[in-house]
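Trainee: everything below, folded, please.
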Amino acid sequence: MSGAQPEKKRGRGGKGIRALLLATSIFALLRPALLCAQETELRGEVSESTILADQQRKTRQLSMVRSQGQKAPPANATAQDNTPATTYLPASPGAVPDDDTGATAATGNIFDHPAATDDTFAGNPTPTPTRRPSTAKQRATDADKAEDKTKVTDKKKAKKDYVTTASITAADDSDTTADADDDTPNRRAVTIDSAERQKLDPGAERTEAIEGQDKKAEDDPFVATGIKLGSFVIRPTLEQGLTASSNADSSSGGKPALLSESALRFSAISDWRENSATVDGYGIFRKTISGDEVSDAQGRVEGTLNVDLDNELRAIAKLGYEAVPESASSPVVIVGTVSQPVRQTINGSLAVEKDAGKMRFALTGAVEHDIYGDAKLSMGGSLSQKDRDSTLYTAILRTGYEISPAITPFTEVEVGRRAYDLRVDNNGFERSSTRLGARAGIELDLGEKLAGEFSAGWLREAIDDDRLQAISGPTVNADLKWSPERGTTIGLIGQTTVEGTTTAGQSGDILYSGRLTGEREIRANLTGNAVLGLDWRDYVGSNGHDLRLSAEAGLTWWLNRYAGLTTRARTEKQTSNLPGRNYTANSIFVGLKLQR
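Mentor: Numbering: from 1, shown residues only. Purely as a prediction, here's the structure:
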């Protein structure tokens, strides 16, 4: 009996051991499923396609169960589903060992390696999906961020339509950088106008506002701006002031007087593209305030038209009108007059110029008609001066050769006819004459430094009446402008004129006139000018002559562009070997000058 007791104890112990081994086996069988669940949840994200396929599978199973009247299978019945599962992709590369062959087929398990593709061998491995958020809140937050990014992108595209091409290029570069940074979590959204906020070139200058830009400095800030009228720019000037003179009418018996003097001058220049036209004029009115009685007016207007024709031809047309009282120093002496008669002059010319290589040709035709008014007598009544009216017709042919663009020598030949309205004057003389002349000169064109021409020659007018000697003598003509420095202009004007007369037994005279002018811009608002004059009159048929010297200096102080104070002083003296022709006149003018 003692031997049976150990047997029972061994039997109980064997049952306990068998129960422990059974529990361990069951635990071992159940443990891989839990680890698989952990791997599925923690080792990597299940793709959206996998979840969608799983949901579709469950929906199909539920539909089949309902149609067959069966219960739905449990959620973990994956083994009974024939739908192939999506290949599992681990969250970290290398978490699952690579297959040696690189071509392991998918078994339908989510833990299978992905099949190798051509892109894998080409160096473009399949991108590894990121870990799926574990909570619904996190997934909703990520969805909101994606929507915000889409809105920002749309706003950027709308903004790009309004920027310039340069800004678009810069914006594309910034968008590329921004897209590269979109993967960063919680990235701050860019503003709509970020495309315009580009980095500036450090070497570029800042552009100022239109109203703040510096204006270009003017060469002459006090020059007249002019008035636009059609296709012309008109620049009028008005002077008003007082003149105190020691000899009001510049005669041998003149008396002092205080005069009111008004002067209106204007110039009009066209702004045509090819041709050009200019109109110049002036008018001077004088009236005595006290002293010797003087009341006169004078004026002139002249227009010039330049037209370019074909075949290197140019046409220049001029037309002018002048009305001035005859000077008291005129060679025609009218005894017993209160005032000198008014002389009106109408002149016109047409010139055609042609360039042939270095040769220069010009043919000019001109007409000048003088009309004299009646002279008022001191005893009352008037004396007609109609026998002095005449018309001068001239034709001038000029031939030049251009040595250089700055120097062109030339020669001129002139023919003309002076015809008096009355064939025989009041003293019974036929005053009409025929004119012949020849000159040689040089034309200069050195730009602003020196420009103009100078010529000298001989002129002769043969009078129809054999009792009168022909008027002949040397001629000098000049029109030069020289600028030794900026702001200074010196001019030289010379002219030779044949003056007729109705004095019995006299043919007339030759008048040589010369003016040396100077203008200086002392300051921007202060200009000075000076004039030296010389006139020499040589009477034909006698030894008589007149010499007149004159000098004038003036200053103009501009208060602004449109108004200035002006003053000038003048002296004039004439000496003659003929009786009753000497005189001296000094005057000073002070006034206001307006321009536009």
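
Trainee: ok, the closest residue to residue 245 other than its chain neighbours - how many residues close by?
Mentor: Leaving aside its chain neighbours, residue 245 sits nearest to residue 587 (3.9 Å; criterion: Cβ to Cβ, 6 or more residues apart in numbering). Every residue, glycine included, has its C-beta placed from N, CA and C. Using other Cβ atoms under 10 Å, residue 587 has 21 neighbouring residues.

Trainee: what count of nearby residues applies to residue 500?
Mentor: Number of residues near residue 500 (other Cβ under 10 Å) recorded here: 24.

Trainee: and the residue nearest to residue 245, what does it touch?
Mentor: Contacts for residue 587 (Cβ atoms under 8 Å, 6 or more residues apart in numbering) come out as 243-246, 569-571.

Trainee: what do you get for residue 560?
Mentor: So residue 560 contacts residue 222 (Cβ under 8 Å, 6+ apart).

Trainee: so it sits in a helix?
Mentor: No: applying DSSP: H, G, I helix; E, B strand; the rest coil, one finds residue 560 to be coil, outside a helix.

Trainee: look at it and report its pLDDT.
Mentor: Here the pLDDT value assigned to residue 560 is 92.

Trainee: how far away is it from residue 238?
Mentor: Residue 560 sits 15 Å away from residue 238, going by Cβ to Cβ, to the nearest Å.

Trainee: ok, residue 376 next?
Mentor: For residue 376 relative to residue 238 (Cβ to Cβ), the value is 30 Å.

Trainee: do residue 579 as well
Mentor: 42 Å.

Trainee: what's the answer for residue 324, then?
Mentor: 20 Å.

Trainee: and for residue 503?
Mentor: 40 Å.

Trainee: need the three-state assignment for the closest residue to residue 547 other than its chain neighbours.
Mentor: Computed as Cβ to Cβ, 6+ apart, the closest residue to residue 547 that is not its neighbour in sequence is residue 575, at 5.2 Å. Taken by three-state DSSP, the conformation at residue 575 corresponds to strand.

Trainee: which ones are touching residue 575?
Mentor: When contacts are counted by Cβ under 8 Å, 6+ apart, residue 575 touches 546-548, 582.

Trainee: redo those as JSON lines? Include pLDDT.
Mentor: Below are the contacts of residue 575 laid out as JSON lines (pLDDT from 0 to 100):
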{"residue": "546", "pLDDT": "93"}
{"residue": "547", "pLDDT": "95"}
{"residue": "548", "pLDDT": "95"}
{"residue": "582", "pLDDT": "91"}
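
Trainee: neighbour count added to these, as JSON lines?
Mentor: Formatted as JSON lines, the contacts of residue 575 follow (neighbours: other Cβ atoms under 10 Å):
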{"residue": "546", "neighbour count": "20"}
{"residue": "547", "neighbour count": "13"}
{"residue": "548", "neighbour count": "21"}
{"residue": "582", "neighbour count": "14"}
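
Trainee: which other helices and strands contact whichever strand or helix holds residue 368?
Mentor: Under the criterion of DSSP states H and E, residue 368 resides in strand 359-372. Packing contacts for strand 359-372, counted by 3 or more Cβ pairs under 8 Å, 6 or more residues apart in numbering; DSSP states H and E, involve strand 342-356, strand 390-401.

Trainee: tell me the pLDDT of the residue nearest to residue 245.
Mentor: So, for residue 587, pLDDT stands at 95.

Trainee: from residue 253, how far off is it?
Mentor: Relative to residue 253, and taking Cβ to Cβ, residue 587 is found at 17 Å.

Trainee: ditto for residue 526
Mentor: When distance is defined by Cβ to Cβ, residue 526 is 39 Å away from residue 253.

Trainee: of those two, who's got more company?
Mentor: residue 526 (14 against 10).

Trainee: correct me, but residue 257 touches residue 292?
Mentor: Yes: between residue 257 and residue 292 there is a contact under Cβ atoms under 8 Å: 4.2 Å.

Trainee: so for these two, which residue has more residues nearby?
Mentor: Remark: of residue 257 and residue 292, residue 257 carries more neighbours, 21 against 17, as counted by other Cβ under 10 Å.

Trainee: quick revisit: any idea how far the residue nearest to residue 245 lies from residue 244?
Mentor: 6 Å.

Trainee: circling back: the helices and strands packed on strand 359-372: which one's closest to residue 423?
Mentor: If you check each of the helices and strands packed on strand 359-372 against residue 423 by Cβ to Cβ, strand 390-401 wins as the nearest, at 11.1 Å.

Trainee: pairing partners for the closest one, with directions?
Mentor: Next to strand 390-401 in the sheet, as set by DSSP bridges, lie strand 359-372 (antiparallel), strand 407-420 (antiparallel).

Trainee: other residues contacting the last one?
Mentor: Identification of contacts with strand 407-420 by Cβ under 8 Å, 6+ apart yields 360, 387-403, 431-445, 453, 455, 457, 459, 461, 500.

Trainee: the helix or strand harbouring residue 237: what's the following helix or strand?
Mentor: Using DSSP H and E, residue 237 falls within strand 232-245. Sequence order places strand 257-270 as the next helix or strand after strand 232-245, per DSSP H and E.

Trainee: which is the next helix or strand following that following strand?
Mentor: Later in the chain than strand 257-270, the nearest helix or strand by DSSP H and E is strand 276-291.

Trainee: now do the contacts for residue 292.
Mentor: Residue 292 makes contact with 248-249, 254-257, according to Cβ under 8 Å, 6+ apart.

Trainee: now render these as a markdown table, adding distance to residue 51 and pLDDT.
Mentor: A markdown table is the format used below for the contacts of residue 292 (distance: Cβ to Cβ, whole Å; pLDDT from 0 to 100):
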| residue | distance to residue 51 | pLDDT |
| --- | --- | --- |
| 248 | 120 | 88 |
| 249 | 121 | 85 |
| 254 | 124 | 83 |
| 255 | 126 | 89 |
| 256 | 122 | 93 |
| 257 | 119 | 94 |
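
Trainee: of those residues, closest to residue 515?
Mentor: residue 249 (21.8 Å).

Trainee: low-scoring stretches of this structure, by residue?
Mentor: Along the chain, segments meeting pLDDT under 70 span 1-16, 24-50, 63, 65-219.

Trainee: fine by me, we can end here.
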